[in-house]
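Undergrad: no FASTA, just this:
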């Protein structure tokens, strides 16, 4: 336990009502995001304000990024890795519930299992992901590596990577939102200047190595 405390020290919340309130807030946030995901993904471009259409908000909500960023916030700002795990799975479960409720109540259709199965798996593994991500806001080499892997995901969303770097640049498929979320992730992970520099460079390198792999992971 002392080894983990050297990476990032836990600050357990003693008040049970406050713990329950935070977990319930995570559930509500996930539920709201699930509804928003279905609303925006099914909305016509003519209905949206021009500034929202300019950032391609509809396509953005069809990706993993809203879930990933919400889970990241919950993970990094939880008091302990255990609370990060509990709140993350609650948030993810709320998102799935919100999607299913909107489809069933408002559209009168059942969720397509082929589309939703991936998110069910993500919900199941979200406690482990959140507990690991929690250490990314710590100090030292291990925290720096964890933060680098987190930033690698956001680099892959914000930039076009190729094996030869031909055509490398900002990916505007989903507007500027991925770039904004990358900057926000760097800000949330910031602990020491040299450490965040190490994590940022490391994240870029990991993202490039991922492109070189002979396989790809869905939604990344």
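TA: Perfect, I can see it now. Here the structure is a predicted model, which is why all the values come from computation and not from measurement. Residues are numbered from 1 along each chain as shown.

Undergrad: could I get the buried residue list for stretch 189-208?
TA: Across stretch 189-208, burial judged by 16 or more other CB atoms under 10 Å covers 189, 191, 195-196, 198-200, 202-204, 206-208. The way it works is simple: take the backbone N, C-alpha and C, and place the C-beta from them, glycine included.

Undergrad: now stretch 21-35
TA: Using 16+ other CB under 10 Å as the test for burial, stretch 21-35 gives 22, 23, 26, 27, 29, 30, 31, 33, 34, 35.

Undergrad: do you know how far residue 146 is from residue 181?
TA: To residue 181, residue 146 is 18 Å away according to CB to CB, to the nearest Å.

Undergrad: assumed residue 153 was part of a strand.
TA: No. Judged by DSSP: H, G, I helix; E, B strand; the rest coil, residue 153 forms no part of a strand; its state is helix.

Undergrad: that one against residue 68, yeah?
TA: Yes. Between residue 153 and residue 68 a contact is recorded at 6.7 Å, counting by CB atoms under 8 Å.

Undergrad: still on that earlier bit, out of the buried residues of stretch 189-208, which sit inside helices?
TA: The helices, defined by DSSP state H, take in 189, 195, 196, 198, 199, 200, 202, 203, 204, 206, 207, 208 from the buried residues of stretch 189-208.
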